[in-house]
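Visitor: got a structure for you, letters missing:
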């Protein structure tokens, strides 16, 4: 009986997500309807946010998304553990977040696979973020990268695996799909 219930929930979720893809528009009212539906499915999500077509996830109760985030086409979040995304995160097409993994000897699931994206980040196209990492505030991840270790705040990381190639400077105002905002400068950025 429990398996049938899970299968029904999965089927209903897929149907709802496909319907939600039909209401992906830039207008506030439609955008808010999509966010409301994602909240009903179990994701903790702040407004305003924009989530483009093809957004997929598992274990929505493990996903928390901050305000003023913009997610590109076909982003996926496999939240076997917590996925915490801060404010003002922008992603391009094809992001994959996998908050989970397996022991390479016994194949048993790993614990402590929480993923944190601190906020004010840009994540390029077709990036994969693996379990147990933190992407620091203001960090930029280049297209095609695989993030398997922590990325320091206000840096640019690229590659497979992603490595920091340089520090980045922030400005007093940053543009996002929701307008301009003032970054929250951290202790390690010197002005």
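Guide: Here it is on my side, so go on. Worth saying up front: this structure is predicted, and the values here are computed from it rather than measured. Residues are numbered from 1 along each chain as shown.

Visitor: So which residue is dead centre in this structure?
Guide: residue 85 (5.7 Å; Cα atoms, centre = their mean).

Visitor: where does the protein dip in pLDDT?
Guide: Scanning the chain for pLDDT under 70 picks out 1, 16-31, 185-191.

Visitor: ok, back up a step: do you know how far the residue nearest to the centre of the chain is from residue 171?
Guide: As defined by Cβ to Cβ, to the nearest Å, residue 85 lies at a distance of 22 Å from residue 171. Any C-beta I mention is one placed from the backbone N, CA and C, and that applies to glycine too.

Visitor: Find the residue closest to residue 90 in space, skipping its chain neighbours.
Guide: Leaving aside its chain neighbours, residue 90 sits nearest to residue 70 (4.8 Å; criterion: Cβ to Cβ, 6 or more residues apart in numbering).

Visitor: Pretty sure the one you found sits against residue 176.
Guide: Yes. Taking contacts as Cβ atoms under 8 Å, residue 70 lies within contact range of residue 176: 6.8 Å.

Visitor: shared neighbours, these two?
Guide: residue 90 (Cβ atoms under 8 Å, 6 or more residues apart in numbering).

Visitor: Check the offset of stretch 114-121 from the chain's centre.
Guide: Offset of stretch 114-121 from its chain centre (Cα atoms, centre = their mean, to the nearest Å): 8 Å.

Visitor: Can you give me the first-to-last residue distance of it?
Guide: 18 Å (Cα to Cα, to the nearest Å).

Visitor: Check what contacts the longest helix along the chain and list those residues.
Guide: Longest helix in the chain, counting residues (DSSP state H): helix 2-21. With Cβ under 8 Å, 6+ apart as the test, helix 2-21 has contacts from 34, 37, 38, 41, 53, 54, 55, 56.

Visitor: Narrow those to those in strands?
Guide: Those of those mapping onto strands are residue 56, per DSSP state E.

Visitor: Could you export the contacts of helix 2-21 to TSV, including columns for distance to residue 109 and neighbour count?
Guide: As requested, the contacts of helix 2-21 are exported to TSV (distance: Cβ to Cβ, whole Å; neighbours: other Cβ atoms under 10 Å):
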residue	distance to residue 109	neighbour count
34	31	22
37	29	15
38	26	22
41	23	18
53	30	14
54	26	17
55	24	21
56	20	14
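
Visitor: In helices only, show me the contacts of helix 2-21.
Guide: Taking DSSP H as the definition of helices, these contribute 34, 37, 38.
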